[in-house]
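>>> Sequence and computational prediction follow.
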Amino acid sequence: MSEFPKSPLMGQMMNQPLLISSIIKHADRYYGSNEIVSRRVEGDIHRYTYRDCHKRSRQMANALASLGVKMGDRVATLAWNGYRHLELYYAISGSGAVMHTINPRLHPEQIAYIANHAEDQYLFFDLTFLPLVEAFAAHCKTVKGFIMMCDRDRMPAETKIPNLQCYEDLVASNSDQYEWPLFDENSASSLCYTSGTTGNPKGALYSHRSTVLHSYASAMPDALNVSARDSVLPVVPMFHVNAWGLPYSVPLTGAKMVFPGPALDGKSLFDLFEQEKVTFSAGVPTVWLGLLTYVGQNNLQFSSFKRTVIGGSACPPAMMKTFREKYNVEVVHAWGMTEMSPLGTTGTLQSHHLGLPPEQQTAVLEKQGHAIFGVDMKIVGDDGKELPWDGKTYGNLLVRGPWIISSYFKNEGGDVLEDGWFPTGDVATIDPDGYMQITDRSKDVIKSGGEWIGTIDLENIAMAHPLVQQAACIGVFHPKWDERPLLVVVKKPGAEVTKEELIQFYDGKIAKWWTPDDVTFVDALPIGATGKVLKNRIREQFKEYKLPTA
Ligand code: AMP
């Protein structure tokens with residue numbers, strides 16, 4: 001952390017550290033009776049209030065102390081979005097330990113690697129993950145005990161897991177008399193590993209200060225726009241970049257919280273949206289595909305759902321259009337990454353856009369958007385020189401700000417910053433108004449005859465075809481051009497469409513030479529642990545592919 005010079009005249013304001021515990025204290029005091037509703041792993045619906053959550057978090061904080069957990073110790077969770085997970089968010093970080101959320105969709109070996117790398121002291125897990133924990137528990141070198149997040153009657157009679165305890169026993173046997181400690185706001189609060197598509201995953205270690213600042217900024221009207229009148233259902237998992245900060249920003253604003261648990265299929269989500277009058281939600285495009293298919297097939301309409309933030313990968317314009325035109329749901333396109341806590345940009349209109357014709361407004365909204373206050377960004381060429389904000393020139397996207405990492409946990413990968421800026425690995429344009437548009441991940445860009453072809457545009461066009469469910473575009477070897485685009489398509493159920501029809505669909509929509517050379521059909525695209533299409537897996541699958549033009 002760099003030091004800055006001190007002024008001879010310092011401000012005379014209270015020096016109160018920005019701590020995560022202050023969020024749950026605030027939610028209890030000012031929104032104490034507002035609800036947290038969870039679909040439990042056990043299948044039923046659980047309801048309680050912010051006051052109850054705060055009380056049980058304090059009991060859990062005492063439990064952690066009784067287990068010997070100290071400041072800075074890492075405590076892991078393998079859990080869905082639910083009230084017990086939220087209690088841990090506050091009990092662990094609030095008491096000064098570090099909340100380490102692990103993605104349960106990873107392979108058991110990867111989970112053990114991450115738990116050992118983080119030197120986790122305890123590991124909390126949901127009932128669902130009992131077999132998974134049994135598969136890797138013996139390989140965890142630092143974990144002193146495992147805690148199953150369930151009622152006593154769900155505990156297994158026999159298990160291979162060493163020192164297994166019951167969450168509810170721990171809560172019940174501890175007092176709720178607990179004073180959240182005050183400490184330096186730069187102390188580590190939580191740890192989240194990147195998906196690690198290349199090499200081992202690396203840890204982003206957030207601080208109390210970065211988390212509280214991110215919570216303030218992300219709740220603002222042109223960001224997530226959460227208020228005490230909302231009912232918020234985070235579909236994005238609490239094990240993926242802290243559910244985009246919603247476990248902090250929702251209690252901070254006093255909105256009702258609705259947790260879907262493990263039931264992320266279209267029907268379960270729709271039912272919960274309706275029962276709990278959900279107004280706002282957030283998630284990656286692949287999850288919304290399932291919900292939209294269910295709602296469409298059953299001719300349903302949402303009665304309260306008004307707004308959703310979609311990010312994590314590019315939101316296809318066709319999906320935005322369906323939400324807006326068929327269901328009257330506003331889509332806010334957002335971009336960010338694990339290393340950014342995660343929020344960087346959101347796409348919303350400004351007053352000077354309001355007079356524009358609808359197509360031009362839509363074009364603005366389809367971009368990943370403008371930086372939220374606190375995030376600074378720029379695009380540079382391969383030579384590191386800054387490129388113009390003209391909406392056309394694309395370059396490597398660099399960011400900086402108080403909730404962006406300065407280095408990875410344990411300094412993995414060494415010095416990652418370039419002149420104080422974090423290289424995102426994304427390629428983007430920025431227009432004169434500051435709206436950023438991702439053209440690709442730098443490793444996914446197709447390099448054709450010395451020029452770059454961004455795959456997101458090609459995929460968005462394919463997904464706007466009425467018979468296409470999902471599409472991914474990759475570069476495959478071409479003897480003359482080095483690489484040319486191959487479009488990999490999943491058709492909508494029962495749909496028939498030919499490669500010629502799809503290639504023709506690109507006519508007039510992009511430069512001719514960007515048009516995919518070929519189309520191949522598959523039953524499904526490989527999806528990774530955070531719900532994103534795995535391009536490297538598709539490239540591997542088609543690495544011997546012979547293009548008809550080759
Ligand atoms: P993760 O750290 O797993 O959240 O992945 C971050 C990466 O996801 C970013 O660097 C982008 O490549 C991609 N990403 C996130 N949001 C978007 C978006 N709205 N459009 C395109 N790519 C995105």
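That came in fine, so what should we check first?

>>> A255: neighbour count?
25 (other CB atoms under 10 Å). Heads up, the C-betas are built off the backbone N, CA and C, glycines and all.

>>> How is this protein divided into domains?
21-430, 445-541 (automatic domain parsing).

>>> most packed of the ones you listed?
domain 21-430 (a mean of 19; mean count of other CB atoms under 10 Å).

>>> quick one: terminal-to-terminal distance for it?
37 Å (CA to CA, to the nearest Å).

>>> Kindly report the same for stretch 305-312.
21 Å.

>>> Need the residues that contact it.
224-225, 236, 240, 244, 273, 278-285, 288, 319-320, 323, 327-336, 346, 368, 530-532 (CB atoms under 8 Å, 6 or more residues apart in numbering).

>>> Is any residue of it near the ligand?
Yes. On the criterion CB under 6 Å from any ligand atom, stretch 305-312 is in touch with the ligand at G311, G312.

>>> tell me what the lowest-mean-pLDDT helix or strand in the chain is packed against?
The least trusted helix or strand in the chain, going by mean pLDDT, DSSP states H and E, turns out to be strand 451-453, with a mean of 88. Judged by 3 or more CB pairs under 8 Å, 6 or more residues apart in numbering; DSSP states H and E, strand 451-453 is in contact with strand 446-448.

>>> outside of the strand it packs on, which residues touch it?
Residues contacting strand 446-448 (CB under 8 Å, 6+ apart): 452-455, 473-475, 478, 481-485, 513.

>>> For the host helix or strand of M148, what is the distance to the chain centroid?
According to DSSP states H and E, M148 maps onto strand 145-149. In this view, strand 145-149 has its centroid 25 Å away from the chain centroid, taken as CA atoms, centre = their mean, to the nearest Å.

>>> Within the sheet, what are the partner strands of the helix or strand just after that strand, with directions?
Per DSSP H and E, the first helix or strand lying C-terminal to strand 145-149 is strand 164-166. For strand 164-166, the pairing partners within the sheet under DSSP bridges are strand 145-149 (parallel).

>>> Please, where are all the strands along the stretch 101-250 of the chain?
In the stretch 101-250 of the chain, the strands defined using DSSP state E, counting those that start in this stretch lie at 120-126, 145-149, 164-166, 188-193, 203-207, 231-234.

>>> before we move on, back to that, among the contacts of strand 446-448, name the ones in strands.
Mapping those onto strands (DSSP state E) picks out W452, I453, C473, I474, G475, H478, D482, E483, R484, P485.

>>> Out of these, the closest to the ligand would be?
Closest approach to the ligand among those (CB to the nearest ligand atom): C473, at 13.5 Å.

>>> tell me the contacts of that closest one?
Counting by CB under 8 Å, 6+ apart, C473 has contacts I446, T455, L458, E459, A462, P485, L486, L487, V488, P516.

>>> go with 7 Å
T455, L458, E459, P485, L487, P516 (CB atoms under 7 Å, 6 or more residues apart in numbering).

>>> Check D440 too.
Taking CB under 7 Å, 6+ apart as the definition, contacts of D440 comprise V427, G454, T455, I456.

>>> thinking again about what came up before, which one of the domains of the chain lies nearest to P8?
For the domains of the chain, proximity to P8 was assessed by CB to CB; domain 21-430 is nearest, at 24.3 Å.

>>> How far does that closest one sit from its chain's centre?
That offset, for domain 21-430, works out to 6 Å (CA atoms, centre = their mean).

>>> Tell me if I'm right that L224 and S249 touch.
Yes. Between L224 and S249 there is a contact under CB atoms under 7 Å: 6.3 Å.

>>> D507: which of the contacts of strand 446-448 is nearest?
W513 (12.9 Å).

>>> Can you check my assumption that S313 lies in a helix?
No. Counting by DSSP: H, G, I helix; E, B strand; the rest coil, S313 is not found in a helix; it is coil.

>>> wait, doesn't it sit right on P285?
Yes. Between S313 and P285 there is a contact under CB under 7 Å: 6.0 Å.

>>> Take the contacts of strand 446-448 and lay them out in TSV including distance to the ligand.
Listed next are the contacts of strand 446-448 as TSV, based on distance: CB to the nearest ligand atom, whole Å:
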residue	distance to the ligand
W452	15
I453	16
G454	10
T455	11
C473	13
I474	15
G475	16
H478	25
W481	25
D482	23
E483	19
R484	22
P485	18
W513	23
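
>>> and stretch 307-324, average pLDDT?
Over the span of stretch 307-324, the pLDDT mean works out to 96.

>>> Which parts of the stretch 351-500 of the chain are strands?
370-371, 376-380, 395-400, 422-430, 436-441, 446-448, 451-453, 468-478, 482-491.

>>> Least reliable of the ones you listed by average pLDDT, please.
Across the strands of the stretch 351-500 of the chain, the lowest-scoring stretch is strand 451-453, with a mean of 88.

>>> Name the surrounding residues that touch that strand.
So strand 451-453 is contacted by V445, I446, P485, W514 (CB under 7 Å, 6+ apart).

>>> now do 10 Å
Here strand 451-453 makes contact (CB atoms under 10 Å, 6 or more residues apart in numbering) with 394, 427, 439-440, 442, 445-447, 473, 475, 481, 483-485, 510-511, 513-516.

>>> Stretch 417-426 too?
2, 335-337, 339-340, 344, 368, 376-380, 384, 394, 396-401, 404-407, 416, 436, 438-444.

>>> Cross-check the residues you listed against the ligand and keep the overlap.
Counting by CB under 6 Å from any ligand atom, the members of the contacts of stretch 417-426 near the ligand are W335, M337, Q368, I438, R441.

>>> thinking the last one is in contact with S313, fair?
If I follow you right, that is R441. Yes. R441 lies in contact with S313 (CB atoms under 10 Å); the separation is 9.3 Å.

>>> Identify the contacts common to these two.
I456, K535.

>>> Show me which residues of the stretch 201-350 of the chain are close to the ligand?
V241, G311, G312, S313, A314, H333, A334, W335, M337, T338, P342.

>>> In JSON lines, list those residues along with distance to V364.
Below are these laid out as JSON lines (distance: CB to CB, whole Å):
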{"residue": "V241", "distance to V364": "26"}
{"residue": "G311", "distance to V364": "16"}
{"residue": "G312", "distance to V364": "21"}
{"residue": "S313", "distance to V364": "20"}
{"residue": "A314", "distance to V364": "15"}
{"residue": "H333", "distance to V364": "10"}
{"residue": "A334", "distance to V364": "14"}
{"residue": "W335", "distance to V364": "14"}
{"residue": "M337", "distance to V364": "22"}
{"residue": "T338", "distance to V364": "27"}
{"residue": "P342", "distance to V364": "22"}
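
>>> of all these, which two lie farthest apart?
For these, and using CB to CB, no pair is farther apart than H333 and T338, which are 18.5 Å apart.

>>> what's the nearest residue to the closest residue to the ligand within the stretch 451-550 of the chain if we skip its chain neighbours?
Here the stretch 451-550 of the chain gets closest to the ligand at one residue, T530, 5.0 Å apart by CB to the nearest ligand atom. Nearest-residue entry for T530: H240, 4.9 Å, with adjacent residues in sequence omitted and distances by CB to CB, 6 or more residues apart in numbering.
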